[in-house]
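J.: Would you be able to build a 3D model of this:
(chains A, B, C, D, E, F, G and H)
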Amino acid sequence: MIWSNSKGSIPEGWYELQSGDVIRPKRWMLSFLEKAEASGYAVIDPPLLEYYSHYQNLALFDESAYYRLFGNDGELLVMRPDYTLQIARKLADGHEPMRVAYAGAVYRRTVKHSGQPHERQQLGLEWVDGEEKDSHLIESFLDMTEGVLPKDRLTLKIGSAAVISLIAKETGIQERTFRKILALRNLESLRELAETYRYPLIAKLPFLIGNAALEELRAEAPDSLKDAIDEVDDAVQHLRSIGLEVSYDFGQTGDFDYYSGLTVTGSVEGKRVLSGGRYDSLYGHFGHSRRAFGMSLDLEQLDEVMK
Amino acid sequence: MIWSNSKGSIPEGWYELQSGDVIRPKRWMLSFLEKAEASGYAVIDPPLLEYYSHYQNLALFDESAYYRLFGNDGELLVMRPDYTLQIARKLADGHEPMRVAYAGAVYRRTVKHSGQPHERQQLGLEWVDGEEKDSHLIESFLDMTEGVLPKDRLTLKIGSAAVISLIAKETGIQERTFRKILALRNLESLRELAETYRYPLIAKLPFLIGNAALEELRAEAPDSLKDAIDEVDDAVQHLRSIGLEVSYDFGQTGDFDYYSGLTVTGSVEGKRVLSGGRYDSLYGHFGHSRRAFGMSLDLEQLDEVMK
Amino acid sequence: MIWSNSKGSIPEGWYELQSGDVIRPKRWMLSFLEKAEASGYAVIDPPLLEYYSHYQNLALFDESAYYRLFGNDGELLVMRPDYTLQIARKLADGHEPMRVAYAGAVYRRTVKHSGQPHERQQLGLEWVDGEEKDSHLIESFLDMTEGVLPKDRLTLKIGSAAVISLIAKETGIQERTFRKILALRNLESLRELAETYRYPLIAKLPFLIGNAALEELRAEAPDSLKDAIDEVDDAVQHLRSIGLEVSYDFGQTGDFDYYSGLTVTGSVEGKRVLSGGRYDSLYGHFGHSRRAFGMSLDLEQLDEVMK
Amino acid sequence: MIWSNSKGSIPEGWYELQSGDVIRPKRWMLSFLEKAEASGYAVIDPPLLEYYSHYQNLALFDESAYYRLFGNDGELLVMRPDYTLQIARKLADGHEPMRVAYAGAVYRRTVKHSGQPHERQQLGLEWVDGEEKDSHLIESFLDMTEGVLPKDRLTLKIGSAAVISLIAKETGIQERTFRKILALRNLESLRELAETYRYPLIAKLPFLIGNAALEELRAEAPDSLKDAIDEVDDAVQHLRSIGLEVSYDFGQTGDFDYYSGLTVTGSVEGKRVLSGGRYDSLYGHFGHSRRAFGMSLDLEQLDEVMK
Amino acid sequence: MKVAVAKGRIEKAARQFFVEKDLPVWPEKRGRELTVKAGDHEFIFVKGDDVYKYVMHGAADVGIVGGDILREKTPGVLEVVDLPFGRCRMAVCGPKVRRNGTKKLKVASKYPNIAISHFASKRQNVEIIALNGSVELAPLTGLADCIVDIVETGATLAANDLEEYETIFSINAKFITSETALAEQPDELKEWIRKLSQEGDA
Amino acid sequence: MKVAVAKGRIEKAARQFFVEKDLPVWPEKRGRELTVKAGDHEFIFVKGDDVYKYVMHGAADVGIVGGDILREKTPGVLEVVDLPFGRCRMAVCGPKVRRNGTKKLKVASKYPNIAISHFASKRQNVEIIALNGSVELAPLTGLADCIVDIVETGATLAANDLEEYETIFSINAKFITSETALAEQPDELKEWIRKLSQEGDA
Amino acid sequence: MKVAVAKGRIEKAARQFFVEKDLPVWPEKRGRELTVKAGDHEFIFVKGDDVYKYVMHGAADVGIVGGDILREKTPGVLEVVDLPFGRCRMAVCGPKVRRNGTKKLKVASKYPNIAISHFASKRQNVEIIALNGSVELAPLTGLADCIVDIVETGATLAANDLEEYETIFSINAKFITSETALAEQPDELKEWIRKLSQEGDA
Amino acid sequence: MKVAVAKGRIEKAARQFFVEKDLPVWPEKRGRELTVKAGDHEFIFVKGDDVYKYVMHGAADVGIVGGDILREKTPGVLEVVDLPFGRCRMAVCGPKVRRNGTKKLKVASKYPNIAISHFASKRQNVEIIALNGSVELAPLTGLADCIVDIVETGATLAANDLEEYETIFSINAKFITSETALAEQPDELKEWIRKLSQEGDA
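T.: Sure thing, here's the model as predicted:
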């Protein structure tokens, strides 16, 4: 209950950066934004503060994670918790396909004394209503982040929120609950679900990981999942064909509940630096539905492996 | 009392920037920081949030201008209102001379419906406990901001918080009050002070502006002000010698009450883009006193004249 | 933007009460609570602060009216905006019929410089799942407030949220919207609705006021409204039979959207001191649905007419 | 970091009271206020919310104990932490002697999971600039609280902030620090002070408790403390003469740093229900200095012993 | 009945309409006095912005005021009758030669809430500068790029070389009252409302 | 030089004073146009409340405005010269028969900040009702117990059976400018200020 | 593989279970050292409360910890396998003679979040006193009216004249890991999980 | 008198000291029971972290507890006597080979408040990871760069190849009580304090 407010102190979870630690991410961001703009992406910098009412019913984070404050008229504001949401808010009314680039920081309160920062630097791309295949968007992302993200040290894992979603629909399990359990990869609970709903695949899902996973899944999956599985297969084939190290993870749910199709995570030496996926349902929350795919880079994590 | 929280809205005073408006300031900041680091400045990025208790008794801004919020333990935090304060907090314990560069945004609430932004991009330098003359520091600042700030379109005005301070001391007028009245350049009040304290110079001070101002001041000033006036003279001579357009403004108080010596403002086409000065008293508030001089560039204003 | 924080000042909308103004409402509250307890009511004092998340989607007040603050873990709290909500939160899980009495203050921000207080003293009763008729509950309320509210100077107006609700259902007009328009008693908009939905009664509803209103309504209403109208008729008959001055107001929507049956307002010399009604739908928001009827007295208003 | 916001939950440290627990304190308050008003006390009910700026530099509580929130213009407000402060704010400009009575709740955040309530019911009296002796004021307080506080079960302890203050002045120890150490009654630190400042009495002070304490103190105290000691002696004599159980406690510092003379605490069966004292220095903070003496009853504690 | 009337344009049209509808009126040339008695009735002439405040606080029973003000302030009074005068529209207006492609559009207005809400719905970045009058000067003097204001005939715009970019909504005068007034004199109020809202004559 | 002038009372007195001081002026009968050119100078006629906004945003270089508005809004412009006209005082006024002993005094005002600050300094409970004009009506109609307003001759008060309870401070018109204007045309500004502040002629 | 193991009760049962499942183990008598190497594997023995922190920060790849702690802290690690040991239940316990009808029930617990959430769901007023150990003392010494704690055999309760009032949920040990570990050594992890979750042998 | 005693190290030293000072004690081998009666006195053996809670809530009259805990928690109990045992120091410790020049120093500790406050006073960026035990493991396993912990003999450090970087402050056991206890039994308490604080024997 007592905090340190001696003359020199800084709130917990915040830092005073110096020299290279300041300049390096700024260089990455600028290089990325310049390349993206030159390639036809709209560079957008949404405001640091937003109306919290836009986000309060999305339940993407635990309520305690938001940095909330009050505006001039007592309205509840929130420090940018995430870029994807802001861009969806902005573009939800639009009708033209859009390709957007952004770079900056997001803010989330972390558990006290847990040693986790409250500010995280990111850069990312979003594609709205385009025609391109997801695997080509992933490729584009790697092109735009050349010089920032070392492709040769990167391992990608591809999963499918569509598979998860379809299973939920077929069984009647509430999707949000299913994702929560799957996110913990808890075998016991998933076995129980598998039995209750007589859908044995559920119990295997959390560990359908690695190169053999695709065949395992194909062997067990009903026809209804075929398209979603093929989509993953195609994406992986394409990404391998351009020389990337890629494998499967059908247990990955993605960071957000709003993913609805292919999901992708990428790590360098075990540190997860990249995440993204297709989220065709989010835009409906802000206006009318639009197809969307987004990917972002965590510069904090990247910095750790690049040093 | 009613605010607009329709799906697409943004809090008043905040903006969604695009393309060049995003990239241009980022380029300026990076170029400046890289140059400064190469020239031996310590590049520092202080945290976005600070304990408000550090600042609450400094009374630099109206209380309503601070963006305040609560920390994990209910402690009052403030979004960075100013870089100079943060750097003073950080360096107040030190003993080595320091030269510091920073670049980023500061946050202040502005009056509702007044058309003024809540976020302002800045870059700046601070010199602590160095030996260099103020005029050389101003020159250094212009060197470090080459390519950002167009020297040939810049007009500098030099004033002296020391003169103001000495007059306050000699007359016994409370310094903070004197500055406040002077900042409004209100002739009536200053005439009254001049009469009450039998110090006719006070009534002239607000409009001792322009090239003739130095001689006017010299003619009227008591000996006690001589050193402070000479200091301004020297600085102006030096700055003119390196080809800058410079004049006097003995009525300028500087943005902050903590200025204690030479003050400098710079404008391009009437827009004030640059301000700074010597503030030897601020550090005492955070620890022990140190000599300090700082200057900063307002990228918002600069952007307006450069477009 | 500038506020007065001179040594002696108090936030706008707040007051420093003295002598009788302090004691009088305390006497009323105590007398009421003692009588209620003696008559078998459960006296409840819910906490001053509540989780805002309980109320945020009820949309009972404009968001700017809530006095919100943060709890120990950053969770959003609200100063009691209303007693009925708190009691519903508490009792929503129960199964036994309950009769509850409360007395204290509610807090709502009002528009700046509008001359309206932020704190209001109230006392009230709530009946949950009982068998008694609404008119008998109104009678009970007047018994419990004897010595506080002068029955002989009171004029009651009875309306029916059920009528409003049924019309909405029959026509397919969204109920919340219908209530909002009706609450403004705007003839033009209601005429438009009446035409669009071919339901002429809608245009008359806002001014079905006074003793003749019942017959007017009966003449025009479809059979589907008969029960709701009879209920109002019965209630008025009963209340008149015990000597009260009562009339009709079918245009009154009640202060809250959650009213679902009979509504009642009471005034003394034009000041509305009493309001209440049946709200069978509110409890569902907090747990399972329960029948409920509540009434409350505004001690601020009452004090004005009693002095 | 995760809190319980299930439908029925209440913020920690807050309670839902019922029947007698609601009515009993209301009865005590009303009875006290009516008696006080009849006896010529001004009954005052200050606002629940105050400008925090009035209190921020008083440092009476740890900053984390204040329930702070924002007003309509972003100004920092605080839920009433204490009545004495509010009454001092109100009366600091006055010149007439005043006798004031109040009753209501004060709000302070307590340490999480420490089982302590955030709201406490109180009633109290303040005397400003009167002529009466402190011991007679204590007697008056017991008269006004007759029927609430059982005099025959009460044990009073009398101390002297004047003694503490005089020792600080004589030795040159910073008074605030001295009080803090004394409040912990830490023998080691006090012995160190006693040695450093060659003032052996300091080491005895924390345990100059009980009936023999007065003589012990007299034996060791320098003449400069005589008046302060006599004042305590007189007060105790008077209170004993009217049949009260009273003893000495020269180690008690009182709850607040602003006490400047006689201090009094009272307990029933070990529970401290009463506290108060003379605080002639507080009013200066809000305007001009005035003599003042105040006492209050903690209804929470009283309720525990009366049940 | 105490009637608060918005001075100026609305007042004139209201008088004529009241005459038509056979409702009590004030003298055609009312001089400088701000309150006029007419039989049992009293007319109070105040600024448009203040009409609803008199009604809200019970200092007037009913009021006649432009819908623009009710829309800007949403005070929660009863907006019972839409009157067939005071007709105009809320619009975005600006110089015929539009200033193009800027970071933030500067908008001056007497209606900041309406302006904010309009541009928010279009997801456009704007700086709002609230003014109290002569808003049409703002674009001419460079204070703003465009304005949000009421447009009646368009003559003022034309006189200042401005044009209407976009209509936001249309406006007319409104007859307002309060629940209190309705409780105190329901019958008289109903009679007034009946006369005011008769469609035949309008 | 672009000069923003508060329309009405201040405008008239200012013209006469400018003539005396040999400063550029606008035609005596300026018609309905809101901007007038006079040589190199341009005069912009706006509401008193808006003058400082034009100066603050650089749409005018200097302004002439009542001190009451600067005191209410504290906008931070340079208040360089106190002008010897526009003289009046801020005062608490009310009915000759005062309403006594109430819980909360109701105060109507066009100057809510000044009113709040005044009563706060007296530690008095007040309800502030902000109005936009004709404040003297408030006590007559029961909207408020008293008002805080500017009083010039007292004629308006007398006409409404009101009296001045207490003077808060006195007021005159002010010549304002901005740091930007001072940076751009220091010499011309200094010349104007010299003329305006010459004590001899005033 | 780096394995963080909760010291004490869980550690013992885990060793035996690992032996059964043919997984690498640490020596039966491990002495006082807190880390033990076994082939390529390293075991780290820490307080139950800390196990998830080692896993979360990547200082361990996997962990074995009681479900009570995961439920109290909800740290977001992967709770992959429910282990058939460390079985107990979270319960409300107290003196056989219950203290009746008080304003606020005082509850002592090492699990304040669980306790708050439990009583909130019952809409009961409680004062939570967080303790770090020997919670069963709280009711005996008058510190609390009852406790929320884990109950295994009930022996401790019996020894202290306490009884179980109500079971909140049942608990077992869990095998946890992180997404990072899963990314780095998926095959080995999958093999461990396979062995640990084989139902046949349990 | 009810006495709360911190189990373990403190308990042993306290017993011996009480014997010396001729104060009542508990049996040398107290078995597993957590409360022991000795004449009129009762001893309650609880975790160090909990001692002050028993005293604060009145479940014990006095307590014996390490100063480290009081410093971390600042609970506001009366810290009446500094006892001549339980001596150790709070220190920053870490691997002999220090990890150099990183953005943020990772610090593990059972005393997060002390750690934060220490590094704040040095204006150093740190990430605090709160642990519940075996803190010395943190640097060995890579969970943290260094630790803030109590150091008694230094043996644990040595055993883990750690060294003390910096002493923060020194610590001893404390005899604590509450104002309530002081009000209820001042004489007995004063007698205990007298005995405990006699300097002669220590």
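
J.: Name every strand pairing with the helix or strand where residue E:4 lies and say which way it goes.
T.: According to DSSP states H and E, residue E:4 maps onto strand E:2-6. According to DSSP bridges, strand E:2-6 forms sheet pairs with strand E:41-46 (parallel), strand E:62-66 (parallel).

J.: Touching that strand from outside, list them.
T.: E:11, E:14, E:26, E:41-48, E:50-51, E:54-55, E:59-66, E:69, E:173, F:141 (Cβ atoms under 8 Å, 6 or more residues apart in numbering or on different chains). Every C-beta, even on glycine, is put in place using the N, C-alpha and C of the backbone.

J.: Alpha carbons of it, as CSV, please.
T.: The C-alpha trace of strand E:2-6 is given here as CSV (Å, rounded to 0.1, in the frame of the first residue of the first chain):
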residue,chain,number,x,y,z
LYS,E,2,-45.4,32.2,-17.8
VAL,E,3,-44.0,32.0,-21.3
ALA,E,4,-40.2,32.3,-22.0
VAL,E,5,-39.6,33.5,-25.6
ALA,E,6,-36.3,33.6,-27.5
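
J.: Next secondary structure after that strand?
T.: Sequence-wise, the next helix or strand downstream of strand E:2-6 (DSSP H and E) is helix E:9-20.

J.: how about that next one: buried residues?
T.: Residues E:10, E:11, E:13, E:14, E:15, E:17, E:18 are the ones in helix E:9-20 that count as buried (16 or more other Cβ atoms under 10 Å in any protein chain shown).

J.: of those, closest to chain D?
T.: When the buried residues of helix E:9-20 are compared for distance to chain D (Cβ to the nearest Cβ), residue E:10 wins out at 30.8 Å.

J.: what's the angle from the strand holding residue E:4 to helix E:9-20?
T.: 130 degrees (axes from the mean of the first three to the mean of the last three Cα atoms, to 10 degrees).

J.: Now do strand E:2-6, average pLDDT.
T.: On average, the pLDDT along strand E:2-6 is 97.

J.: So is the helix or strand of chain A with the lowest mean pLDDT next to chain B?
T.: Ranking every helix and strand in chain A by mean pLDDT, DSSP states H and E puts helix A:282-286 at the bottom, with a mean of 87. Yes. Under the criterion of Cβ under 8 Å from any Cβ of the partner chain, helix A:282-286 makes contact with chain B via residue A:286.

J.: And for residue A:298, the neighbour number?
T.: By other Cβ atoms under 10 Å in any protein chain shown, the residues close to residue A:298 number 20.

J.: residues in contact with the closest residue to it other than its chain neighbours?
T.: Sequence neighbours aside, residue A:273 is the residue nearest to residue A:298 in space, at 5.5 Å (criterion: Cβ to Cβ, 6 or more residues apart in numbering or on different chains). Applying Cβ under 8 Å, 6+ apart to residue A:273 gives the contacts A:149, A:154, A:266, A:267, A:297, A:298, A:301, A:302, A:305.

J.: Please flag which of these sit within helices.
T.: Among these, the members falling in helices (DSSP state H) are A:301, A:302, A:305.

J.: who does the residue of chain E found nearest chain C bridge with?
T.: Taking Cβ to the nearest Cβ, chain C has its nearest neighbour within chain E at residue E:82, 3.8 Å off. Beta-bridge pairing for residue E:82 (DSSP bridges): residue E:174.

J.: could you measure the residue nearest the centre of chain E against residue E:182, distance?
T.: In chain E, the centroid-proximal residue (Cα atoms, centre = their mean) is residue E:66; its distance is 2.3 Å. When distance is defined by Cβ to Cβ, to the nearest Å, residue E:66 is 22 Å away from residue E:182.

J.: ok, how many other residues are close to residue E:40?
T.: There are 9 residues near residue E:40, going by other Cβ under 10 Å.

J.: And for residue A:147?
T.: Around residue A:147 there are 11 residues (other Cβ under 10 Å).

J.: Whichever residue of the stretch 201-307 of chain A sits closest to chain E and residue B:294: what is the separation?
T.: Nearest residue of the stretch 201-307 of chain A to chain E (Cβ to the nearest Cβ) works out as residue A:287 at 9.5 Å. Look at residue A:287 and residue B:294: by Cβ to Cβ, they are 46 Å apart.

J.: More neighbours: which of those two?
T.: With neighbours defined as other Cβ under 10 Å, residue A:287 and residue B:294 compare such that residue B:294 has more, 25 against 17.

J.: List phi and psi for that one.
T.: Dihedral pair for residue B:294: phi -140, psi 150, per degrees, to the nearest 10.

J.: what sits against the nearest residue to it once chain neighbours are set aside?
T.: Excluding the flanking residues, the one nearest residue B:294 by Cβ to Cβ, 6+ apart is residue B:126, at 4.1 Å. Residue B:126 makes contact with B:83, B:84, B:87, B:98, B:99, B:100, B:102, B:292, B:293, B:294 under the criterion Cβ under 8 Å, 6+ apart.

J.: What's opposite residue B:126 in the beta bridge?
T.: residue B:100, residue B:294.

J.: closest point of the stretch 151-300 of chain A to chain H, which residue?
T.: Using Cβ to the nearest Cβ, the closest approach of the stretch 151-300 of chain A to chain H is made by residue A:300 at 9.5 Å.

J.: One more: chain E?
T.: For chain E, Cβ to the nearest Cβ, closest residue to chain H: residue E:103, 34.1 Å.

J.: Quick check: beta-bridge partners of residue 78?
T.: Since no chain was named, I'll use chain A. In beta-bridge terms (that is, DSSP bridges), residue A:78 pairs with residue A:50, residue A:68.

J.: actually chain E
T.: Bridge pairing for residue E:78 - DSSP bridges - gives residue E:177.

J.: which ones are touching it?
T.: Counting by Cβ under 8 Å, 6+ apart, residue E:78 touches C:184, C:185, C:186, E:176, E:177, E:178, E:179, E:182.

J.: Which parts of chain E are strands?
T.: For chain E, the strands defined by DSSP state E cover E:2-6, E:35-38, E:41-46, E:62-66, E:78-82, E:88-95, E:105-109, E:126-130, E:146-151, E:162-171, E:173-177.

J.: From the ones you listed, pick the one with the highest average neighbour count.
T.: strand E:62-66 (a mean of 28; mean count of other Cβ atoms under 10 Å in any protein chain shown).

J.: contact partners of it?
T.: In contact with strand E:62-66 (Cβ under 8 Å, 6+ apart) are residues E:1-6, E:10-11, E:14, E:48, E:51-52, E:54-55, E:77, E:83, E:86, E:88, E:150, E:171-177, E:181, E:189, E:192.

J.: Mind checking the pLDDT average for it?
T.: 98.

J.: For that strand, list the C-alpha coordinates in CSV.
T.: What follows is strand E:62-66, C-alpha atoms only, in CSV (Å, rounded to 0.1, in the frame of the first residue of the first chain):
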residue,chain,number,x,y,z
VAL,E,62,-43.4,27.0,-21.3
GLY,E,63,-41.0,28.3,-23.8
ILE,E,64,-40.5,29.0,-27.5
VAL,E,65,-37.0,28.3,-28.7
GLY,E,66,-35.0,27.2,-31.8
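
J.: how about the residues of chain E near chain F?
T.: Contact residues (Cβ under 8 Å from any Cβ) of chain E with chain F: E:2, E:7, E:34-35, E:44-47, E:49-50, E:53-54, E:57-60, E:129, E:131-134, E:136-138, E:140-143.
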